[in-house]
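> Quick one, structure for this:
(chains A and B)
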2 protein chains.
Amino acid sequence: MIGKAFAPAHITGFFYVHEDDDPLRMGSCGCGFTLEEGVCTTAWPAGTTEVYLDGKPSDASTTRTVIDLLADRPIHVESELDFPAGGGFGVSGAGAFSTALALNQALGLGKTYNDLSYIAHRAEVENRTGLGDVAGMSLGGVVVRLKPGTPFTLDRIPTAPREIYCVHFGPISTKSVLSDPKEKALINEAGKRCLKELLKKPTFENFMRLSREFSVKTGLISEKAMDAVEAVEAFGGMASMAMLGDTVFSTIPDGLSRFGKVIKSKISMAGARLL
Amino acid sequence: MIGKAFAPAHITGFFYVHEDDDPLRMGSCGCGFTLEEGVCTTAWPAGTTEVYLDGKPSDASTTRTVIDLLADRPIHVESELDFPAGGGFGVSGAGAFSTALALNQALGLGKTYNDLSYIAHRAEVENRTGLGDVAGMSLGGVVVRLKPGTPFTLDRIPTAPREIYCVHFGPISTKSVLSDPKEKALINEAGKRCLKELLKKPTFENFMRLSREFSVKTGLISEKAMDAVEAVEAFGGMASMAMLGDTVFSTIPDGLSRFGKVIKSKISMAGARLL
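You can find the predicted model right below:
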């Protein structure tokens, strides 16, 4: 049997990290949002386990961990990515989550949606590719992650499905940023403050404002990305950096085009699902 | 300022009731699903508080409770309903939830999505118009309600956004069914068993099978509705009764047309949201 599933892209605006030896308890708190596009995965039992990303054989370590955790036989997995990996779009998490849903269907594993999301989260944490994206994409919308790890404890910022514009400069390794203790201390201090401030005034505008503040205070934003954020602001829009990728997300397209190809998307209100 | 929000219709397949003096702790467990259509509400401050349903002034007690709980000034509320009230589509809950979201926006109340869903749930319980619909429509999809009341403790049955067909015969009063202790005992026994069975095999087909079993074991299904369910089954489909309304929902349209107007809809993966 064939399983087919979709998980939306997820952009985090700000976050802080909770370390734990148990990958199910480790994770990040913070706020981010899902997009209409993401990763679409098809899976079926095969002679050998292979993972294809956009038609090419791939290591895709996080997706392979999901296969190891769920499948008792070799599996062929094909994922189509709407966004570049490493760009702060949560592509590794979306790949893992859509694979978990597709495998559950293909093999009749009898897991619930939460079960599968926790497996995808565990695979992300074990591979250090993400800490909170799967939680965000399990709900959809502008998602607040109130507690780290599983079971996910989430809330939402009430939002309409509004348009979002992105420019992507290049990848950032989540693993390398999070392995610098000084950087992590900065992130955790700023992230905790932003979450507190967001819950005092849970609006999308405040989320955007706090995300920008976070990207500057942590020093994570690149010079080029900062220029793009300021260009958007000159047109009256709001923008910040996708955590963690050298990507700017914005409420308006104006001012972005001179920095690169502008990707137009929309905040999605739905989480991952079968297709 | 004007607030505008949407909450999806929600059909429960089976449930059981947890009574509590605290309306936030009272609620039902069970399983149901949200639909693409629902209730769209617009709200703005006005000289006197008025609620309009489909253009007509209405009592709309549950929506008025939400206004009482949230607004410090008179509010004009207009809701457009895609489904009939009392038909088991969760229309009162969708009206209450969309009103809560719209009021939050219109008055800048600074509540989170969860806050607003809990207020809508409380209004439903206080008016005895529903016990679990708001929880289901806070997430979207095929939603399992694992614990009664707030905070909502939910899971999902992995499902694609598939088509659903309904025939509506007439209203059933949730209040009157739940005030019969003998009926409630039957419901609780059957509902608990169904939830346990569903979690052993969390598939959409099993949800449909258990919903049908529940509607028969509790004696809630009308003769006409049972005829419609059997007509669908003769064509190889699955069907049951919407809890609580004299409404049949089905996986296929075949066999339904001779029982009344067939409403075509689709399972939605998204919950309530601003517009």
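> Flag every residue of the stretch 101-250 of chain A that's near chain B.
Residues of the stretch 101-250 of chain A lying close to chain B by Cβ under 8 Å from any Cβ of the partner chain are A:101, A:104-105, A:110-114, A:116, A:139-141, A:144, A:155-161, A:199-203. C-betas here are computed from N, CA, C, even on glycine.
> Would you state the strands of the stretch 101-250 of chain A in chain order?
Residue ranges of the strands in the stretch 101-250 of chain A, as given by DSSP state E, counting those that start in this stretch, are A:142-147, A:153-156, A:163-170, A:239-241, A:246-250.
> among these, which is the most enclosed?
Of the strands of the stretch 101-250 of chain A, the one with the most neighbours on average (mean count of other Cβ atoms under 10 Å in any protein chain shown) is strand A:239-241, at a mean of 29.
> For beta bridges, what are the partners of the residue nearest to A:Ser222 when sequence neighbours are not counted?
Of all residues beyond its chain neighbours, the one nearest A:Ser222 is A:Asp246 (5.4 Å), with distances taken as Cβ to Cβ, 6 or more residues apart in numbering or on different chains. Per DSSP bridges, residues listed as beta-bridge partners of A:Asp246: A:Gly170.
> For the strands of the stretch 101-250 of chain A, give me CSV that also has distance to A:Cys40 and mean pLDDT.
Listed next are the strands of the stretch 101-250 of chain A as CSV, based on distance: least, Cβ to Cβ, whole Å; pLDDT from 0 to 100:
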stretch, distance to A:Cys40, mean pLDDT
strand A:142-147, 21, 98
strand A:153-156, 24, 98
strand A:163-170, 19, 95
strand A:239-241, 26, 98
strand A:246-250, 21, 97
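> Turn those strands into a markdown table, columns for distance to B:Pro181.
Compiled in a markdown table, those are given as follows (distance: least, Cβ to Cβ, whole Å):
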| stretch | distance to B:Pro181 |
| --- | --- |
| strand A:142-147 | 39 |
| strand A:153-156 | 36 |
| strand A:163-170 | 52 |
| strand A:239-241 | 56 |
| strand A:246-250 | 55 |
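> hang on, isn't the residue nearest to A:Ser222 packed against A:Glu223?
No. Contact criterion Cβ atoms under 8 Å: A:Asp246 and A:Glu223 do not qualify, at 10.4 Å.
> Could you count how many residues lie near the residue of the stretch 1-150 of chain A found nearest chain B?
Here the residue of the stretch 1-150 of chain A nearest chain B is A:Tyr113; by Cβ to the nearest Cβ that distance is 3.4 Å. The number of residues packed around A:Tyr113, counting by other Cβ atoms under 10 Å in any protein chain shown, is 28.
> Quick one: residues contacting the residue nearest in space to the middle of chain A.
The centre of chain A sits closest to A:Gly90, judged by Cα atoms, centre = their mean, with a distance of 2.7 Å. Applying Cβ atoms under 8 Å, 6 or more residues apart in numbering or on different chains, we find A:Gly90 in contact with A:9-12, A:32, A:130, A:133-134, A:136-137.
> Give me the helices and strands touching the helix or strand bottoming out on mean pLDDT in chain A, please.
Within chain A, no helix or strand scores below helix A:174-178, which has a mean of 76 by mean pLDDT, DSSP states H and E. Judged by 3 or more Cβ pairs under 8 Å, 6 or more residues apart in numbering or on different chains; DSSP states H and E, helix A:174-178 is in contact with helix A:181-200.
> Same question for the helix it packs on: list its buried residues.
Residues of helix A:181-200 classed as buried: A:184, A:186-188, A:190-191, A:193-195, A:197-199 (neighbour count, 16 or more other Cβ atoms under 10 Å in any protein chain shown).
> State the mean pLDDT of it.
When pLDDT is averaged over helix A:181-200, the result is 95.
> Contacts made by that helix with the rest, please.
With Cβ under 8 Å, 6+ apart as the test, helix A:181-200 has contacts from A:14-17, A:28-31, A:144, A:157, A:177-178, A:206-207, A:210-211, A:213-214, A:217-220, B:110, B:112.
> repeat that for 10 Å
A:12-19, A:28-31, A:142, A:144-146, A:155, A:157, A:176-178, A:180, A:206-207, A:209-211, A:213-220, A:243-244, B:110, B:112 (Cβ atoms under 10 Å, 6 or more residues apart in numbering or on different chains).
> Show me which of those are buried.
A:12-17, A:28-31, A:142, A:144-146, A:155, A:157, A:177-178, A:206-207, A:209-211, A:213-215, A:217-218, A:220, A:243-244, B:112.
> how much space between A:Pro148 and A:Val125?
As defined by Cβ to Cβ, to the nearest Å, A:Pro148 lies at a distance of 10 Å from A:Val125.
> among the contacts of A:Gly90, which are in helices?
Judged by DSSP state H, those include A:133-134, A:136-137 as members of helices.
> Okay, the closest residue to A:Gly271 other than its chain neighbours and B:Thr63: tell me how far apart.
Using Cβ to Cβ, 6+ apart and skipping the chain neighbours, the partner closest in space to A:Gly271 is A:Gly140 (3.9 Å). For A:Gly140, the distance to B:Thr63 (Cβ to Cβ) stands at 26 Å.
> Which strand runs longest in chain A?
Longest strand in chain A, counting residues (DSSP state E): strand A:27-45.
> Buried residues in that strand, which are they?
A:27-45.
> hmm, back to that, contacts only, for the residue nearest to A:Ser222.
A:86-88, A:167-172, A:220-222, A:224-225 are the contacts of A:Asp246 under Cβ under 10 Å, 6+ apart.
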